[in-house]
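[1] dropping the sequence and predicted coords here.
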Amino acid sequence: MRLVLLGAPGSGKGTQAARLKEYLQVPHISTGDLLRAEVAAGSPLGLQAKEVMARGDLVSDEILLGMLRDRFSREDTRAGFILDGYPRNLAQAAALDELLASLGQKFDAAVQLTVDNEQIVERLAGRAKAEGRADDAPDSVRKRLQVYDQQTAPVIEFYRQHGQLTVVDGVGTLEAVFNRIVEAIAPEKA
Ligand code: B4P
């Protein structure tokens, strides 16, 4: 299974990907996690990304594509993957198609988790308290939602127009949302 998980910040992509990874037995590739690992390591890339992420903007397409190329060069992605956090704009969507085509692959499904903004703000405020992520501060969350509407929503529309989009209600318990995703992508296994 080659799965792309889409949705606003706080829609549950990372949360559900962690469970889907066990269920589908494929690696979870989170561009947010890859970037946070670079920031934690204090690498030159991490230093560049740190501030951009903290203010809620997107890190450059070039950096993201380099990271993704590296990750997809690893053997474990051959049998499938859950891609979480990418693509976040139309240029990244085109780059993803190209990258997968160069590997003789296509994704099987793009799943959008939908959650209203009010609940998103509430969830991220909860995470800000629990984990203290700089980009969960109220100003950054506002910015991230704005960036999502301006840059990522067109990707969703593009996949919808091309018949590649599956929309899943992201509101409910973790279990309920998980079951909905499984039913949407692999009804025979649900
Ligand atoms: P991400 O790491 O992708 O952060 P995110 O959008 O907030 O999603 P995340 O997966 O962490 O949260 P989730 O919804 O699971 O990106 C962070 C930053 O990295 C970006 O702003 C950007 O700067 C940079 N970046 C990443 N990818 C990039 C790209 N492709 N291009 C450029 N820049 C990029 O969970 C949120 C909270 O909700 C959690 O507290 C969770 O416990 C809670 N939650 C989840 N499901 C719930 C449910 N059903 N009910 C109640 N709470 C729930």
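    Looks like it arrived, so ask away. Numbering: from 1, shown residues only.

[2] tell me who's in contact with residue 80.
    In this structure, residue 80 makes contact with 1, 2, 3, 24, 26, 27, judged by Cβ atoms under 8 Å, 6 or more residues apart in numbering. Heads up, the C-betas are built off the backbone N, CA and C, glycines and all.

[3] rerun at 6 Å
    Under the criterion of Cβ atoms under 6 Å, 6 or more residues apart in numbering, the neighbours of residue 80 are 1, 2, 26.

[4] quickly list what the residue nearest to residue 107 when sequence neighbours are not counted is bridged to.
    Ranked by Cβ to Cβ, 6 or more residues apart in numbering and with sequence neighbours excluded, the top spatial neighbour of residue 107 is residue 2, at 4.4 Å. Counting by DSSP bridges, residue 2 is bridged to residue 81.

[5] and for residue 2, the neighbour number?
    Number of residues near residue 2 (other Cβ atoms under 10 Å) recorded here: 18.

[6] so what pLDDT did it get?
    Turning to residue 2, the model gives it a pLDDT of 97.

[7] quick check: the gap between it and the ligand.
    According to Cβ to the nearest ligand atom, to the nearest Å, residue 2 and the ligand sit 17 Å apart.

[8] low-confidence stretches in this protein?
    The model of the chain has pLDDT under 70 over residues 187-190.

[9] please list the residues of this protein that sit near the ligand.
    Contacts of the chain with the ligand, taken as Cβ under 6 Å from any ligand atom, map to 9-15, 31-32, 35, 52-53, 56-59, 64, 85-86, 88, 92, 123, 126-127, 135, 144, 172, 174, 177.

[10] how about the helix or strand residue 145 falls within: buried residues?
    Of the helices and strands defined by DSSP states H and E, residue 145 is found in helix 138-147. The neighbour-count check on helix 138-147 (16 or more other Cβ atoms under 10 Å) flags 140, 141, 143, 144, 145, 147 as buried.

[11] measure the second one to residue 134 for me?
    In other words, residue 141. Going from residue 141 to residue 134 by Cβ to Cβ, to the nearest Å gives 11 Å.

[12] now residue 36: closest residue in space that isn't a chain neighbour?
    Closest to residue 36 by Cβ to Cβ, 6+ apart is residue 53, at 7.9 Å.

[13] quick check: buried residues in the one helix or strand that neighbour maps to?
    Secondary structure assignment for residue 53, by DSSP H and E: helix 44-54. The neighbour-count check on helix 44-54 (16+ other Cβ under 10 Å) flags 45, 46, 48, 49, 50, 53, 54 as buried.

[14] also stretch 85-94?
    Across stretch 85-94, burial judged by 16+ other Cβ under 10 Å covers 85, 86, 87, 88, 89, 92, 93.
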